[in-house]
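Enquirer: this one's sequence-less:
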C-alpha cells in the first residue's frame, strides 16, 4: 500500500466511518484528492465506493474529518457543501424524465440551458434536443444531461459515480472525452469500473476493499501491473469496454 499523499490536495478524507443500522460500511477511510487531474476510486462491487462519495457530499451518515481547501465540511448539510464548490453526479443519473433537456438544465441555472457555452462545447448533441423530454433520451444522452447539469455551476471539485455504467463502447469513449476535457480545469474524484478508461484519464487511484483503503498511488502503475490489478480488483486489463 502506498500511503504517500499527493503534494497538494483539494480534498482530504480522514478516518471516515459510515454505519447503516448494524452494518459498518466504511471503516476509517483515509485519502487525499489532488487539486488537479483525476483520482479514480476503485474496488470490487459493494466495498463502499458510492458510500464514500455520498459521505463526502453529506448524503450518508458519517463520522471522521473531511476538508475542502483546508476547511472542515463533515458537519455541513449537502446544500452548503454543494454551494461551497463540490459538484456531484450520481450513479443513476437522476434526470427528470418528464422535463425537457432544457428544463433539466435550467433547474440549476434559470438563465442558462442548452444555449450555455459549456453545453455547446462539451455536449453538442444536446443543443438540438432542448425541447425533448429527458426520459426519452438514450442512457448515454441522459448521462450527458447529468454531467452538463452539474457543469453549469462553478465547481472546485467534481464527484462522479460510474458515468459509463451500462453504456456502449462508443458512448464510453464519448464520456471519457468529456471527462478528460473537464479535468483540465476541475479536479475529479471518479468511481469507475472500466479500467481502460481509468488508464486513459486517471492520474491517481484509491482502492477500497471491505470499507478500508488498501492502495493509494499512481494510476498508470496500477493498471500496468496485471497481478496487482487482479489482486485488488479481481479483473484484468482484458475487460471489455472502450475509452
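Expert: That came in fine, so what should we check first? This structure is a prediction, so every number in the text was calculated from the model and none was measured. Numbers count the residues shown, from 1 in each chain.

Enquirer: what about residue 26, how many neighbours?
Expert: 27 (other CB atoms under 10 Å). Every C-beta, even on glycine, is put in place using the N, C-alpha and C of the backbone.

Enquirer: tell me the strands beside the helix or strand harbouring it, with direction?
Expert: Take DSSP states H and E as the rule and residue 26 turns out to sit in strand 23-34. Strand 23-34 pairs in its sheet with strand 9-20 (antiparallel), by DSSP bridges.

Enquirer: now the helices: where do they sit in this structure?
Expert: 49-57, 78-83, 101-106, 117-122, 124-127, 139-151, 169-182, 195-201, 219-223, 226-233 (DSSP state H).

Enquirer: and the second one, what does it pack against?
Expert: Identification of packing neighbours for helix 78-83 by 3 or more CB pairs under 8 Å, 6 or more residues apart in numbering; DSSP states H and E yields helix 49-57.

Enquirer: kindly recompute the last result at 10 Å.
Expert: helix 49-57, strand 86-89 (3 or more CB pairs under 10 Å, 6 or more residues apart in numbering; DSSP states H and E).

Enquirer: same check, this time on the fifth one
Expert: In this structure, helix 124-127 makes packing contacts with helix 101-106, helix 117-122, helix 139-151, judged by 3+ CB pairs under 10 Å, 6+ apart.

Enquirer: what residues does it touch?
Expert: Helix 124-127 is contacted by residues 101-102, 104-105, 113-116, 119-120, 132, 134, 137-138, 140-141, 144-145, 147-148, 174 when judged by CB atoms under 10 Å, 6 or more residues apart in numbering.

Enquirer: drop anything exposed from these.
Expert: Among these, those classed as buried by neighbour count (16 or more other CB atoms under 10 Å) are 101-102, 104-105, 113-114, 116, 119, 134, 137, 140-141, 144-145, 147-148, 174.

Enquirer: find me the pLDDT at the spatially most central residue of the chain, would you?
Expert: Centroid check for the chain by CA atoms, centre = their mean gives residue 160 as the closest residue, at 1.7 Å. Looking at residue 160, its pLDDT is 97.

Enquirer: okay, and the beta partners of it?
Expert: Under the criterion DSSP bridges, residue 160 forms beta bridges with residue 89, residue 190.

Enquirer: was I right about it contacting residue 197?
Expert: No - using CB atoms under 10 Å, residue 160 is not in contact with residue 197; the gap is 11.4 Å.

Enquirer: any shared contact partners between those two?
Expert: By CB under 10 Å, 6+ apart, residue 160 and residue 197 have these common neighbours: 38, 175, 179, 190.

Enquirer: list the contacts for the first one?
Expert: Which is residue 38. 158, 160, 179-180, 182-183, 186-190, 192, 197-198, 200-205, 219.
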